[in-house]
Structure formats: structure tokens, C-alpha cells
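Visitor: Sequence first, then the predicted structure:
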Amino acid sequence: MSQNELSKAGFETRAIHAGYDPDPTTGAVIPPIFATSTYKQDGVGGLRGGYEYSRSANPTRTALEGALAAVEDGERGFAFASGLAGEDTLVRATCRPGDHVVIPDDAYGGTFRLFDKVEQEWGIEHSPAPVDDVDAVRAAIRPGRTKLVWVETPTNPMLSIGDIEALAAVAHDAGALLVVDNTFASPYLQQPLTLGADVVVHSTTKYVGGHSDVVGGAVVVRDHDLAEKIAYHQNAIGAVSGPFDSFLTHRGLKTLAVRMERHCDNAERIVEFLSAHPAVREVIYPGLPDHPGHDVASRQMRRYGGMVSFRVDGGVERALDVCDRTTVFTLGESLGGVESLIEHPGRMTHASVAGTDLEVPDDLIRLSVGLETADDLLADLDRALG
Ligand SMILES: *Cc1c(COP(=O)(O)O)cnc(C)c1O
């Protein structure tokens, strides 16, 4: 299928075919892993297909980057060594000392640390604001200095929802760019660029890779000048995705749609089960009608995702006990893989924010609902909740 035909194709078709046509010399249907650092030139400056050195470009990465742009409805995609490598490159491409960024008040811990401990040292300031409160985000903007309004939706682990269209308007009024970390939703469930966002970032380590076997990041944009700046910085900084990692990430992306449907099916079963369980105080899931972000999520997401948080009766001891007792759910950090994971944010992913405004309830448990048989997942939770 030609790359031109793809612009009108559906999500699944783009995820499978965008970025790569079968290799003209061998017919290889899948992009080979081009394990090469350099490329023979046909005379000085005579590059074949623009390839010169694999930090600047590598065909395995080019294929992934084309597919990432296509699934986010963007113009250009960039693949990085990790989500944080992509974030740092984006900040350096768009901010200068004295500039300011609004970040979520429950940002992913690594993103918070990047701004608080690294970018801050280089003169880039940040203010936290809750993504589900448009007025609070507007109030956090410093006119003339705020260059980026950075949001995650759904957030981690409280699964708050930011209204991407409304936040884009607020950012643009102030001359800032809206950046959406789309890791939790994945491009299958939500496409922020189509809602007015300027930049999408991903930890492709999570749903896009989807098999917990690779670390990677992505940045996708529509604007030509912004793309040129990011391309320049991607090469100048060099935190790129290597060919093996690009291959695995691209392989994962092809099945994203079917995986996300099943992640959502299983999550919905679990939400229903937990909501009826006497030991459960509260279930947090944007698909529940009483979730404060339910209406916005219904507008901007195809379904509500594979992440579920819940609070148990019996406080921290009970929560830790449940985390210890599951056998199908693996105790671990990260998310978005085929295997179900359980974790205690207060003592694990969010331990570093204990005692601050960002502290999470200590009876909270977070699930990354995987693709195992739903009945096995329910039985496991039932046993653990005892
Ligand atoms: C994991 C994660 C990141 C960071 O990505 P890495 O690939 O670990 O560098 C950023 N944002 C969110 C929402 C994440 O879950």
C-alpha cells in the first residue's frame, strides 16, 4: 500500500503500513534492523536516501517515526531513547533561560524531576497546576514567559482528565504551546493534535511498545518550523532510539488497536467487580459516570483505557497486603504491557512525593490491566482482597 493512500486510511491500517513500504531490493515486509552506524556515499556528499550517520537518521528508526506521526495524525514523528530523552529534547528545542512551563500538579514523577531538578538549573522555571481545572492552568501561566503548557490526561495515578481543546485555547491565548503526554491513553484512544494540541509526547515504553521489552520515547508535531527545531535538536543532542529498540517499538505499535480494545474490556470488567466489592472504598476510572472527568473523557477518548486505581478499607496495611497477595497481577512499576501489574503508588512510583502537596492516599492501589483472561484477573483480585 502506498504512503499516499494512507492519509485517508483508518487507524489500524496506518499503524500497520505507515512509515515503510516493502524493501525494494528484497521485498522484506517488515523494516530490517539496520545495525549500521555509517553509510557508503556515492562520491563525496552523494548520500543514498539521505542516510549518512545513524545518529542523524537510520532506516529502522525512520520507519518507526513515520508510523508514529501517522497514528497521532501529525506531520513529523521523532523517536528517542526514552520518554524522558524526548521530553528533554523538546524542552531544549522550545525554551530558553528565563522561560516558564506549566506542568501537571500530579505529573509523572520523572517528568516532575526533569523540570524540578534539571531544567530548573538551566533557568527554565515551572509551576504546577491541576490539569482538570482550566482556570487554575490559566492562572499558572506567566504572560510573556510561559512557553509550554504541559499536561497529561489521564494523569497518574489519580486518572484526572484534562480538557485538551479548552487547554489548547488557554495556552494559545498566552502564546504558549500545548504539550500533551499521551502515554496513558495511547494514540488509539486519544489524538491530542486533532484537538488542538501542538505537541504529543509518549513514553513508548508503555502501551505503544506494549510488551515490557523496550524503553523508548516519541515526540510528534504538525507544525513545520517546530518539526525542524526538534529534528535539529534530536540530532544535536543525540538521545535517539537505536535500531533494535526502534524495531521492537514499531512491532508493538502495529497491534496497538487490538491490544487497547482488550485492555479496555478487561479494565471495565475489573471496575465493575471492584465497584461491587465490600472491601473497596472507591474505584477511580474515567469510564465511571461519577468520575469528575467522565464527560470530557467521553468527548475526547474512544474508550477509557487500561489503568484502574482503587482505595481499600483498612488503610495502608490492607493496601500493601493486597499488593503482596496477587499472583496473576505482578507487583511492579511501569504499565501498558500485556501482563497485568499491581503497585502501591504511595510506597512505589510516588514515594518521592510523600509529605508534599502531590502525596497520594496511602490506601490507594494502581492496576495496569493486562491481556490475561479476565476471569483469572477477577479471581486473583478476589483472593487478594480476601
Ligand atoms: C514512563 C512515563 C514517562 C517517562 O518515560 P520513560 O520511557 O520511562 O523515560 C513519561 N510520562 C509518563 C506518563 C510515563 O508513564
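Guide: Looks like it came in fine. Not measured: the values here are computed from a predicted model.
Visitor: what's next to stretch 250-257, contact-wise?
Guide: 11-12, 15-16, 19, 30-31, 60, 63-64, 67-68, 71, 186-188, 204, 207-211, 214 (CB atoms under 8 Å, 6 or more residues apart in numbering). To be clear about C-beta, it is placed using only N, CA and C from the backbone, and glycine gets the same treatment.
Visitor: which of those residues are buried?
Guide: Buried members of these, scored by 16 or more other CB atoms under 10 Å, are 11, 15-16, 19, 31, 60, 63-64, 67-68, 71, 186-188, 204, 207-210, 214.
Visitor: before we move on, the earlier item: can you list which of the contacts of stretch 250-257 are found in helices?
Guide: Judged by DSSP state H, the contacts of stretch 250-257 include 11-12, 15-16, 60, 63-64, 67-68, 71, 186-188 as members of helices.
Visitor: The ligand contacts on this structure?
Guide: 82-84, 108, 110-111, 152, 156, 181, 183-184, 203, 205-206, 215, 217 (CB under 6 Å from any ligand atom).
Visitor: Just flag the most distant two among these.
Guide: By the measure CB to CB, Glu152 and Val215 form the most distant pair in those, at 18.5 Å.
Visitor: Any buried residues in the longest helix seen in the chain, and which?
Guide: In the chain, with assignment by DSSP H, the single longest helix is helix 256-275. Judged by neighbour count (16+ other CB under 10 Å), helix 256-275 contains these buried residues: 256-257, 259-260, 262-264, 266-268, 270-271, 273-274.
Visitor: Following the chain past it, name the next helix or strand.
Guide: Downstream of helix 256-275, the first helix or strand assigned by DSSP states H and E is strand 280-284.
Visitor: what's in contact with the next helix or strand after that following strand?
Guide: Downstream of strand 280-284, the first helix or strand assigned by DSSP H and E is helix 294-300. Contacts to helix 294-300, defined as CB under 8 Å, 6+ apart, come from residues 132, 153-154, 161-165, 190, 195, 286-288, 291, 304.
Visitor: Same check on stretch 349-363?
Guide: Contacts of stretch 349-363 (CB under 8 Å, 6+ apart): 105-106, 109, 112-113, 128, 156-158, 281, 311-316, 318-319, 333, 343, 345-346, 366.
Visitor: Quick one: buried ones out of those residues?
Guide: Among the contacts of stretch 349-363, those classed as buried by 16+ other CB under 10 Å are 105-106, 109, 112, 128, 156-158, 311-312, 318-319, 343, 345-346, 366.
Visitor: re the thing from before, looking at the ones in helices among the contacts of stretch 250-257, spot the one nearest Ala93.
Guide: The nearest member of those to Ala93, counting by CB to CB, is Leu68 at 16.9 Å.
Visitor: Does the closest one touch Gly217 like I think?
Guide: No. Counting by CB atoms under 8 Å, Leu68 does not reach Gly217; the two are 10.2 Å apart.
Visitor: overlap in contacts of these two?
Guide: Joint contacts of Leu68 and Gly217 (CB under 8 Å, 6+ apart) are Ala79, His202, Thr204.
Visitor: Look at the first one and tell me its secondary structure.
Guide: When you say that, I think you mean Ala79. strand (DSSP: H, G, I helix; E, B strand; the rest coil).
Visitor: How many residues are close by the closest residue to it other than its chain neighbours?
Guide: Nearest residue to Ala79 in three dimensions, chain neighbours excluded: Ser241, at 3.9 Å (CB to CB, 6 or more residues apart in numbering). Look at Ser241: counted by other CB atoms under 10 Å, it has 30 neighbours.
Visitor: Use 43 as the first number from now on
Guide: Sounds good: first residue 43 from here, last item Ser283.
Visitor: per-residue confidence averaged over the helix or strand that contains Val212?
Guide: Assigned by DSSP H and E, Val212 belongs to helix 206-215. Computed over helix 206-215, the mean pLDDT rounds to 98.
Visitor: quick one: that helix to chain centroid distance?
Guide: 20 Å (CA atoms, centre = their mean, to the nearest Å).
Visitor: Buried residues of that helix, list them for me.
Guide: Ile206, Glu207, Ala208, Leu209, Ala210, Val212, Ala213.
Visitor: helices and strands around it, which ones?
Guide: Helix 206-215 sits against helix 176-182, strand 188-194, strand 219-223, with contacts defined as 3 or more CB pairs under 8 Å, 6 or more residues apart in numbering; DSSP states H and E.
Visitor: can you do 10 Å?
Guide: strand 142-146, helix 176-182, strand 188-194, strand 219-223, helix 336-342 (3 or more CB pairs under 10 Å, 6 or more residues apart in numbering; DSSP states H and E).
Visitor: Tell me which strands the fourth one pairs with, and in which orientation.
Guide: The reference is to strand 219-223. If you go by DSSP bridges, strand 219-223 pairs up with strand 188-194 (parallel), strand 241-245 (parallel).
Visitor: ok, Pro74 to Ala111 distance?
Guide: Going from Pro74 to Ala111 by CB to CB, to the nearest Å gives 21 Å.
Visitor: Please identify which of the two sits among more neighbours.
Guide: Regarding Pro74 and Ala111, a neighbour count based on other CB under 10 Å identifies Ala111 as having more, with 24 against 13.
Visitor: Show me this structure divided up by domain.
Guide: For the chain, the structural domains run 45-296, 300-427, going by automatic domain parsing.
Visitor: Contact partners for the residue in the stretch 193-342 of the chain that the ligand sits nearest to?
Guide: Here the stretch 193-342 of the chain gets closest to the ligand at one residue, Ser245, 3.0 Å apart by CB to the nearest ligand atom. Residues near Ser245 by CB atoms under 10 Å, 6 or more residues apart in numbering: 122, 124-126, 128-129, 150, 152-153, 223-226, 251, 257-260, 376-378.
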